[in-house]
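**Student:** take a look and give me a structure for this.
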Amino acid sequence: MRRLAIILLASAAGIGLLAPRANASTPPTTVPGTTDAANLAPVNVVQVSGLIDEILVDKIVTSLRDATTDGSQAVILQINSSGAVVSRDRVAYLLGVVHDSPVPIGIWVGPSGASLYGLGAQLLAAADATGMAPGAHIGKYGTPLSVPGVTVDFGDVNNVDDRLRTQGIGFQDARTSQALKLDTTDEGVPSIKNMVLAMDGLHARGKVLATVSRTLDDNGGSQNNATLVRFYKLGLLNQLLHTVSSPAVAYLLFIVGLALLIFEFFTAGVGVAGVVGAACIVLSCYGLAALPTRGWAVAAIVFSMFAFAIDVQVGIPRLWTGVGVVFFVIGSWFLYRDVLGADLRPSWITLIAGIGGILLTFIVGMPSMVRTRFATPTVGREWMIGEVGTAIADIGPEGIADVAGGRWRARTNRATPLRAGDRLRVVAIDGVTLEVEPEEGGAKDYREMRKHRGADGAADDDEITGSSPDATSDLDATSDLDATPDLDATA
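**Tutor:** Next comes the predicted model:
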C-alpha cells in the first residue's frame with residue numbers, strides 16, 4: 001500500500017508540472033502576410049547634435065556611404081542643431097550627398113525642445129521623410145542653396161516657405177502648412193521609434209520600406225514591432241573636438257589656459273598648471289578656428305592677460321589691471337560673429353563665470369600668491385641689525401637695498417644719501433623697512449644725538465666745535481636750558 005501511495009503521489013506531481021499554467025502566455029505569432037521583425041533589414045540612425053561643423057559633415061557623409069554596403073534599408077538623421085558654422089559650399093555639398101544617396105533618408109528633429117535652424121534646415125528639402133517631435137522647431141534657413149536636382153521649397157500653404165526663411169515654426173504650423181514629408185495621423189513624432197514606424201511602406205528611390213512587423217498576442221490583438229535600429233555616434237576623439245568647437249567651451253578653455261600659463265610663469269617652474277594650461281590652449285585654438293571668430297577680439301583678450309601680468313608682478317592691482325579689465329570684457333563680448341539662425345555670443349552665465357573668474361584671479365588671487373611666493377620672511381629679523389649690504393638703487397631717503405641675499409626697502413638719513421652700489425649698514429628695522437647708514441662716515445641724526453656733558457655742565461668739545469647745522473642747533477638749545485639753573489644758584 002505504501003508503494004502504491006508513493007506512485008500515485010509522484011504521478012500527480014508529474015501531471016501538475018506538465019499541465020500549462022493558468023497565467024502563462026504563449027509567444028506571439030506573426031500576422032500572416034507580414035515578415036518577422038528579426039528578418040527585416042535594419043535602419044541606421046545618425047545622431048547630429050550641436051552646431052554643424054566639419055566633423056558632423058564628415059560623419060553624415062561617411063554614414064550615408066556606409067549605409068549602401070551594410071545592408072541598411074534606410075537612414076534617419078536625428079538632428080538638433082541651431083545653425084551651421086561651415087561655409088555655404090560645404091552645406092551645399094552635404095545637401096547634394098543627401099540627394100544623391102541610393103538609400104532612402106529620413107530626418108527627425110527631436111527630441112522635444114530640439115531645433116533645426118540655419119543652413120542645415122535646407123536638408124529637409126532633400127530628405128524622403130521628415131518629422132518633428134512636439135515642441136521642436138525648424139526654419140531660418142535663409143537664401144536657398146543652388147544644388148543640381150534639389151529645390152529648396154516647402155510650399156505656399158499659409159505662406160510657409162517665406163516664413164521658414166526668416167523665422168522658426170513649431171510642429172503644428174509645419175504640419176498644417178504641409179511643410180513635412182510624413183504621412184501620419186499622430187500628433188507629432190515623439191521618439192525615434194515612432195519615426196521608424198511611420199516610415200513603413202514609404203516609396204522612395206525605387207524601394208518600398210518595410211520597417212514594421214505585426215504580431216498577434218494571446219488576446220487576438222495585433223501589435224507593431226519596429227525593425228532593428230542601429231545608432232551611430234561620433235567617436236571619442238571626434239566627440240571631444242566637436243565639443244571644444246562649441247562657443248562656450250572654446251571661450252572658457254581659452255581664458256583658463258591663458259590664466260594657468262601666467263600662473264605657472266610666476267611660480268618660476270613647470271608643473272601641472274603649465275601642462276593643463278597648454279592643453280587648454282591647444283584645444284581652444286582648434287575650437288576658435290572652427291567657429292566664426294573675430295581676430296581682433298582674440299587679440300584683445302591676449303593683450304588683457306599681458307596687462308594683468310604687469311600688475312601681478314608688482315603684487316598690487318593698479319592702472320594696468322583696469323586696462324586689462326576693459327580689454328577683456330570687450331574681447332569676450334565681441335568674440336564671435338553670428339551665423340544664420342544662431343547667436344553665438346556666450347550666454348550670460350558663461351560671461352559671468354568667465355569675466356568674474358578672471359577678475360578674482362588677477363585682482364585677488366595672483367597678487368596674493370606672488371607676494372607670498374617671493375616675499376622675504378618678516379619674523380625674527382633682529383639679527384640683521386649691523387649687517388652690511390649694498391644699495392641697489394639710490395636711497396635718498398628711500399630706496400632698495402640688498403642685505404643678506406634679499407631685496408629690502410631701505411631708508412636713510414637725508415643728510416647721508418646713498419647712491420646705487422654704495423656699501424651700507426643696517427642700524428634699525430621699522431616694520432618691513434630697513435633703516436640704514438653708510439658703512440663709513442654716517443652722519444648723526446639730530447633726533448638721535450645724545451648730549452655728553454662734563455662735570456662742570458659744559459658741553460663736550462665735539463658738540464661745541466661741530467660744523468653741522470644740527471650740532472649748532474643743539475649748542476644753542478643747551479645754552480638756553482642751562483641759563484635758569486645758574487640764575488637760581490646766584491640768588
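**Student:** got any ranges where this protein has weak pLDDT?
**Tutor:** 1-38, 184-188, 216-222, 268-270, 371-381, 441-491 (pLDDT under 70).
**Student:** could you chop it up by domain?
**Tutor:** 29-234, 237-374, 382-438 (automatic domain parsing).
**Student:** now those domains in a markdown table, please, with extra columns for mean neighbour count.
**Tutor:** No exception for glycine: its C-beta is placed from N, CA and C like everyone else's. As requested, the domains of the chain are exported to a markdown table (neighbours: other CB atoms under 10 Å):
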| stretch | mean neighbour count |
| --- | --- |
| domain 29-234 | 18 |
| domain 237-374 | 17 |
| domain 382-438 | 16 |
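**Student:** contacts only, for L182.
**Tutor:** G106, A129, T130, G131, V189, A198, M199 (CB atoms under 8 Å, 6 or more residues apart in numbering).
**Student:** for the closest residue to it other than its chain neighbours, phi and psi?
**Tutor:** Spatial nearest neighbour of L182, chain neighbours left out: G131 (4.6 Å); criterion: CB to CB, 6 or more residues apart in numbering. Backbone torsions of G131, given as degrees, to the nearest 10, read phi -140, psi 160.
**Student:** show me the contacts for G131.
**Tutor:** 106-110, 180, 182, 184, 188-189, 194-195, 198.
**Student:** can you lay out the contacts of L182 as a markdown table showing distance to P367 and secondary structure?
**Tutor:** Below are the contacts of L182 laid out as a markdown table (distance: CB to CB, whole Å; DSSP: H, G, I helix; E, B strand; the rest coil):
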| residue | distance to P367 | secondary structure |
| --- | --- | --- |
| G106 | 59 | strand |
| A129 | 62 | strand |
| T130 | 58 | strand |
| G131 | 58 | strand |
| V189 | 57 | coil |
| A198 | 63 | helix |
| M199 | 63 | coil |
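**Student:** was I right about N158 contacting D173?
**Tutor:** Yes - using CB atoms under 8 Å as the test, N158 is close enough to D173 to be in contact (7.4 Å).
**Student:** I'd like to know how far the residue nearest to L182 sits from L77.
**Tutor:** To L77, G131 is 11 Å away according to CB to CB, to the nearest Å.
**Student:** next one: P292
**Tutor:** Counting by CB to CB - P292 and L77 are separated by 24 Å.
**Student:** out of the contacts of L182, which is nearest to I301?
**Tutor:** T130 (41.4 Å; CB to CB).
**Student:** tell me what the closest one is bridged to.
**Tutor:** I107 (DSSP bridges).
**Student:** what sits against G149?
**Tutor:** G96, H99, D100.
**Student:** export the residues you listed to a markdown table and tack on secondary structure and distance to M384?
**Tutor:** Compiled in a markdown table, these are given as follows (DSSP: H, G, I helix; E, B strand; the rest coil; distance: CB to CB, whole Å):
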| residue | secondary structure | distance to M384 |
| --- | --- | --- |
| G96 | helix | 81 |
| H99 | helix | 84 |
| D100 | helix | 84 |
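**Student:** go through these and name the one nearest A401.
**Tutor:** G96 (76.5 Å).
**Student:** distance of the closest residue to the closest one other than its chain neighbours from I301?
**Tutor:** In space, and not counting its chain neighbours, G96 is closest to V147: 5.0 Å by CB to CB, 6+ apart. Distance, V147 to I301, using CB to CB: 39 Å.
**Student:** which residues in the stretch 51-200 of the chain form strands?
**Tutor:** Applying DSSP state E, counting those that start in this stretch to the stretch 51-200 of the chain gives strands spanning 74-80, 105-109, 115-117, 129-132, 137-139, 168-170.
**Student:** send the alpha carbons of the second one over as PDB?
**Tutor:** This means strand 105-109. The C-alpha coordinates for strand 105-109 follow below in PDB (Å, rounded to 0.1, in the frame of the first residue of the first chain):
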ATOM      1  CA  ILE A 105      16.800  59.100 -46.000                       C
ATOM      2  CA  GLY A 106      14.600  60.500 -43.200                       C
ATOM      3  CA  ILE A 107      15.100  63.500 -41.000                       C
ATOM      4  CA  TRP A 108      13.700  63.600 -37.500                       C
ATOM      5  CA  VAL A 109      14.000  66.800 -35.500                       C
END
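**Student:** tell me which strands and helices it is in contact with?
**Tutor:** strand 74-80, strand 115-117, strand 129-132, helix 192-198 (3 or more CB pairs under 8 Å, 6 or more residues apart in numbering; DSSP states H and E).
**Student:** got the contacts of L182 as a markdown table, with distance to R414 columns?
**Tutor:** What follows is these, written out as a markdown table (distance: CB to CB, whole Å):
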| residue | distance to R414 |
| --- | --- |
| G106 | 90 |
| A129 | 92 |
| T130 | 88 |
| G131 | 89 |
| V189 | 89 |
| A198 | 94 |
| M199 | 95 |
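**Student:** looking at these, which is nearest I330?
**Tutor:** Nearest to I330 among these, with distances taken as CB to CB, is T130, at 42.4 Å.
**Student:** my guess is the closest one contacts G106, does it?
**Tutor:** Yes - shown here, T130 and G106 form a contact pair, counting by CB under 8 Å, at 6.9 Å.
**Student:** contacting residues around stretch 353-364?
**Tutor:** 251-252, 255, 259, 308, 311-312, 317, 321, 324-325, 328-329, 332, 346.
**Student:** recalculate using a threshold of 6 Å.
**Tutor:** L252, I255, A259, F308, P317 (CB atoms under 6 Å, 6 or more residues apart in numbering).
**Student:** now swap in stretch 86-104 and tell me
**Tutor:** 57, 61, 64, 67-68, 74-75, 84, 105, 119, 123, 126, 128, 145, 147, 149-150, 204-205.
**Student:** stretch 257-272 now?
**Tutor:** So stretch 257-272 is contacted by A273, G274, V276, G277, C280, I281, S284, M305, A309, T361, V370 (CB under 6 Å, 6+ apart).
**Student:** for the third one, which residues are in contact?
**Tutor:** Taking CB under 6 Å, 6+ apart as the criterion, V276 is in contact with L260.
**Student:** and it, what helix or strand is that in?
**Tutor:** Following DSSP states H and E, one finds V276 within helix 272-290.
**Student:** which helices and strands does the helix or strand following that helix pack with?
**Tutor:** For helix 272-290, the succeeding helix or strand toward the C-terminus, using DSSP H and E, is helix 295-314. Applying 3 or more CB pairs under 6 Å, 6 or more residues apart in numbering; DSSP states H and E, we find helix 295-314 packed against helix 319-333, helix 366-374.
**Student:** distance across stretch 369-388, terminal residue to terminal residue?
**Tutor:** 30 Å (CA to CA, to the nearest Å).
**Student:** then stretch 195-203?
**Tutor:** 15 Å.
**Student:** over to stretch 306-324?
**Tutor:** 8 Å.
**Student:** show me what that stretch is in contact with.
**Tutor:** By CB under 6 Å, 6+ apart, stretch 306-324 touches I262, S304, F362, I363, M366, P367, V370, R371.
**Student:** any idea how far the second one lies from V48?
**Tutor:** With distances taken as CB to CB, S304 is found 36 Å from V48.
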